[in-house]
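[1] Mind looking at a prediction? Sequence and model below.
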Amino acid sequence: MKLSDLREAYQFFSEKTSEIVRNLGFAGIALIWLFKATNNGRDVVQPELVPAGALIVLGLALDFLHAIVGTATWESTTE
């Protein structure tokens, strides 16, 4: 197997993993929004769901950081 084939396989699986994590994160946010409560006419996230929401947002932020670092790394190697 050639190095280019390995790099291509790595890139495919890395992209697919990020896509799945991103979709799961957005689905988690949607579920939290679905189970929101109403307090004095305002939508409020239930306190039990706040830690889960924070972890979901952290996961999405790390996915974004992964994309930024990967882009910066490959940009610096192509110059």
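    The structure has been received and is ready for your questions.

[2] contacting residues around residue 22?
    By CB atoms under 8 Å, 6 or more residues apart in numbering, residue 22 lies in contact with 60, 63. To be clear about C-beta, it is placed using only N, CA and C from the backbone, and glycine gets the same treatment.

[3] Next, work out how far apart it and residue 43 are.
    Distance, residue 22 to residue 43, by CB to CB, to the nearest Å: 24 Å.

[4] Excluding chain neighbours, give the residue nearest to residue 18 in space.
    Nearest residue to residue 18, sequence neighbours excluded (CB to CB, 6 or more residues apart in numbering): residue 63, at 5.5 Å.

[5] Surely that neighbour and residue 21 touch.
    Yes. The criterion here is CB atoms under 8 Å, and residue 63 meets it with residue 21 at 5.5 Å.

[6] circling back: in which helix or strand would I find the residue nearest to residue 18?
    Assigned by DSSP states H and E, residue 63 belongs to helix 50-78.

[7] For that helix, name the packing helices and strands.
    The helices and strands touching helix 50-78, judged by 3 or more CB pairs under 8 Å, 6 or more residues apart in numbering; DSSP states H and E, are helix 3-34.

[8] so where's the protein shaky on pLDDT?
    77-79 (pLDDT under 70).

[9] 50 - rerun?
    Regions of the chain meeting the criterion pLDDT under 50 are absent.

[10] Report the central residue of it.
    Computing the C-alpha centroid of the chain and ranking residues by CA atoms, centre = their mean puts residue 60 first, at 3.0 Å.

[11] With adjacent residues omitted, what lies nearest to that one?
    Once flanking residues are discounted, residue 60 sits nearest to residue 25: 4.5 Å by CB to CB, 6+ apart.
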